[in-house]
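Asker: Using only what follows, build the 3D model:
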Amino acid sequence: MSTTAHVGIEALGRVRLLTIMRPERRNALGTQTMVELDRAIQSAADDGFGAVVLTGAEPAFCAGSDLKELAGMSPAEMRDHERRTGDIAAGFSAVNVPVIAAVEGYALGGGMILAASCDLVVTADDVRWNMPEVRNGWLPPWGLGALVGRVGPQRALGLTLGASPCDGTQAHHIGLADHVCAPGAALREALALAETIAALPAHAVQSTKRFYQRFRQHVAMDADSAAQFETDASHPAAQALLSRFAKKP
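Answerer: Predicted coordinates for the structure are as follows:
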């Protein structure tokens, strides 16, 4: 296993396992984290892998955007950061190999969208899925197209408003996740699924991904269009939250 600053990279046969390794920040998605994930996922096919599994270091998958990092940005810088993050997550569907999320603990905000952007999602039944952004004073629109594609616009609206938090069983029921398992088994189940897919003819898997990417593109909103809906992070409610994170070590 090799480790970049924020991501563990391990080869398990023809499966590349990527682990977000920022437990001290609850595996938050900072700029460097996303860049490292992007590089590791984009190079998977070139390196001969047949599938990628994405997970988070214990005790959870991902708590969303790194609010401490965002607190040091201007509103314009935040918007640019969100656009880049959205572009990277949207790029998962364009990679030639399937990307499978293994979710334990919680997937909050951007962490929930990161998982939804993967081709397949395996969740433990007790995972907490929720989007707290609106409650915290803003709407980061990156990746919401992936959420709509999975659960439809009406359910996506409730999830985005934070009015419909759900556990893993409910997430599976509404299509947010594709497989549900017992707590602690998500990574094992995701790796088994990845091994099965990696054993399939690579050209057929790649053609399948390209076919379904067309449908995703119809649903997903490009970053420039989505930005017009983004709440101004200079709003007092958003600034109050960011100021609290700015003071954290």
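Asker: which helices and strands sit right next to the helix or strand hosting V122?
Answerer: Using DSSP states H and E, V122 falls within strand 120-124. Here strand 120-124 touches strand 99-103, helix 168-174, strand 179-181, helix 186-198, going by 3 or more Cβ pairs under 8 Å, 6 or more residues apart in numbering; DSSP states H and E. Bear in mind the C-beta positions are built from the backbone N, C-alpha and C, glycine included.
Asker: outside of the last one, which residues touch it?
Answerer: Contacting residues not belonging to helix 186-198 are listed as 12-15, 17, 49-53, 55, 97-98, 100-104, 120, 122-124, 127, 179, 181, 205 [Cβ atoms under 8 Å, 6 or more residues apart in numbering].
Asker: for it, which positions count as buried?
Answerer: 186-187, 189-191, 193-195, 197-198 (16 or more other Cβ atoms under 10 Å).
Asker: ok, back up a step: mind checking the helices and strands packed on strand 120-124 for the one nearest to R39?
Answerer: Nearest of those to R39, taken as Cβ to Cβ: strand 99-103 at 13.6 Å.
Asker: how much does that closest one deviate in direction from helix 186-198?
Answerer: Strand 99-103 runs at 160 degrees relative to helix 186-198, counting by axes from the mean of the first three to the mean of the last three Cα atoms, to 10 degrees.
Asker: ok, strand 99-103: who's next to it in the sheet?
Answerer: Applying DSSP bridges, strand 99-103 is found paired with strand 51-56 (parallel), strand 120-124 (parallel).
Asker: Next, name the residue at the spatial heart of the protein.
Answerer: L114 (0.9 Å; Cα atoms, centre = their mean).
Asker: What strand or helix carries that residue?
Answerer: helix 110-116.
Asker: helices and strands around that helix, which ones?
Answerer: In terms of contacts (3+ Cβ pairs under 8 Å, 6+ apart), helix 110-116 is packed against strand 51-56, helix 75-90, strand 99-103, helix 144-151.
Asker: Mean pLDDT for the ones you listed - can I get that in JSON lines?
Answerer: Putting these into JSON lines (pLDDT from 0 to 100) gives the following:
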{"stretch": "strand 51-56", "mean pLDDT": "98"}
{"stretch": "helix 75-90", "mean pLDDT": "85"}
{"stretch": "strand 99-103", "mean pLDDT": "98"}
{"stretch": "helix 144-151", "mean pLDDT": "90"}
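Asker: want to throw those into a markdown table with mean neighbour count?
Answerer: Output for the helices and strands packed on helix 110-116, formatted as a markdown table (neighbours: other Cβ atoms under 10 Å):
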| stretch | mean neighbour count |
| --- | --- |
| strand 51-56 | 27 |
| helix 75-90 | 19 |
| strand 99-103 | 28 |
| helix 144-151 | 23 |
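Asker: Columns distance to G30 on top of the ones you listed, output as a markdown table?
Answerer: Below are the helices and strands packed on helix 110-116 laid out as a markdown table (distance: least, Cβ to Cβ, whole Å):
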| stretch | distance to G30 |
| --- | --- |
| strand 51-56 | 14 |
| helix 75-90 | 9 |
| strand 99-103 | 19 |
| helix 144-151 | 20 |
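Asker: For Q32, find the nearest of these.
Answerer: Across these, closest to Q32 is helix 75-90 (Cβ to Cβ), at 11.4 Å.
Asker: For the chain, give me the ranges with low pLDDT.
Answerer: Within the chain, the segments meeting pLDDT under 70 span 1, 140-141, 216-249.
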